[in-house]
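1. Please find the sequence and the predicted model below.
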There are 2 protein chains.
Amino acid sequence: MREGVMPADPERAAALELIHRLREVALRLELAIGEFARTAGLHATDVRALIRLLDAERAGLEATPGWLAGQLGMTSQATTAVIHRLEAAGHIERLRSRSDGRSSRLQVSDSAVALGWQFFGPLLERLITTTEALTHDQQTVLSDYLTTVAEAID
Amino acid sequence: MREGVMPADPERAAALELIHRLREVALRLELAIGEFARTAGLHATDVRALIRLLDAERAGLEATPGWLAGQLGMTSQATTAVIHRLEAAGHIERLRSRSDGRSSRLQVSDSAVALGWQFFGPLLERLITTTEALTHDQQTVLSDYLTTVAEAID
DNA sequence: GAGAATAGCTCACTGAGTGAGATAAATTGT
DNA sequence: ACAATTTATCTCACTCAGTGAGCTATTCTC
């Protein structure tokens, strides 16, 4: 069954198993996002956009439509549509960028944050509990590993 | 800035940071899938379907259209379309299920595996190297954590 | 074996995302 | 200072992925 792809190297097999588990988590997160989108009357893309906008806010970056397009891996036109949808739903506000007159600053509204908190709150609490149960050293290992993986994907 | 969502509890803040990092990995994986889909002339959904089918094969499960629909979080009609696209592209084969005459068994073709290996191979090798660099204990911590997280999401 | 439930499909439709091209602000060259 | 170029975003027309309604065939239940 698919020889050549998974040779009988136990170390390698264990590493693959772990990577598959990580992918499994990624996939389930994506499904959760889709489910949330459905309950909120949004699309998965819209939710992903909101998440990225909140990330930008947390990191202190200025979120512009162009930046968002890059984050979503979509064209600027599609991103324009996403922004219009989110704006119409009252989930984001478009403020003028004072550094560049062509661009605009995107800001997530409090209502959107509350909505996300309502849906993802319980899950997040569970995850926090799970994470806090780890020792500081274990958390460091995890954090370093995830950082390395994120860079490897890019 | 968004008071109340992230209180000044250092333990909690560290846990949140870690969870955000995990989400970051999930997001980048999704982007990589989208990029692969584009180069292969497929859609992100199609690639996700192939991944799930390979997962099923690895786990020794019989992958039916209905099962796949559930895995993708989509309707059965949309899944039918996905299957038709993948079948037309020669990436999967439809075999008759002998346990249930209404259903069919989906099997990923060798060409699709080769295609995926070609694109994700280098990334996978990097990830394996990163993962193998960990001690056995560290791998166990990671594996357990990821398993718990996956269950928490469900 | 009749009735209910289940697995998958076709059809008609909506709308998300793309390509081509327009507009307007910023940057560069002279 | 001002024309030429580049950059950031948007509009328009179109394609096709995904949904809802409803059909057929097979399996399960009594």
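-> Sure, I can see it.

2. which residue is nearest the centroid of chain A?
-> By Cα atoms, centre = their mean, chain A has its centre lying nearest to A:I51, at 5.5 Å.

3. now whichever strand or helix holds it: how far from the chain's centre is it?
-> If you go by DSSP states H and E, A:I51 is part of helix A:44-59. Between the centre of helix A:44-59 and the centre of its chain there are 7 Å (Cα atoms, centre = their mean, to the nearest Å).

4. Any chance you could list what contacts the helix or strand immediately after that helix in the chain?
-> Sequence order places helix A:65-72 as the next helix or strand after helix A:44-59, per DSSP H and E. Applying Cβ atoms under 8 Å, 6 or more residues apart in numbering or on different chains, the external contacts of helix A:65-72 come out as A:45, A:48-49, A:52-53, A:56, A:61, A:75-76, A:78-80, A:82-83, A:103-104, A:106. In short, each C-beta sits where N, CA and C put it, glycine included.

5. quick one: helix A:65-72 near DNA strand C?
-> No. Applying Cβ under 7 Å from any atom of the strand, one finds helix A:65-72 separated from DNA strand C by no less than 8.0 Å.

6. Show me which positions of that helix end up buried.
-> Judged by neighbour count using 16 or more other Cβ atoms under 10 Å in any protein chain shown, the buried positions of helix A:65-72 are A:P65, A:W67, A:L68, A:A69, A:Q71, A:L72.

7. Can you name the element that comes right after that helix?
-> With elements assigned by DSSP H and E, the helix or strand that comes after helix A:65-72 is helix A:76-88.

8. Go through the biggest helix by length in chain A and flag the buried ones.
-> The longest helix of chain A (DSSP state H) is helix A:10-40. The neighbour-count check on helix A:10-40 (16+ other Cβ under 10 Å) flags A:14-16, A:18-19, A:21-34, A:36-37, A:40 as buried.

9. same check, this time on stretch A:89-107
-> Here stretch A:89-107 shows A:A89, A:H91, A:I92, A:S104, A:R105, A:L106 as buried, counting by 16+ other Cβ under 10 Å.

10. give the contact list for the residue lying closest to A:V82 once chain neighbours are set aside.
-> Nearest non-adjacent residue to A:V82, counting by Cβ to Cβ, 6 or more residues apart in numbering or on different chains: A:A49, 5.1 Å away. For A:A49, the contact set (Cβ under 8 Å, 6+ apart) comprises A:L68, A:Q71, A:L72, A:T79, A:V82, A:I83, A:L86.

11. and if we set it to 10 Å?
-> A:42-43, A:63, A:68-69, A:71-72, A:74, A:79, A:82-83, A:85-86, A:91-92, A:106, A:108 (Cβ atoms under 10 Å, 6 or more residues apart in numbering or on different chains).
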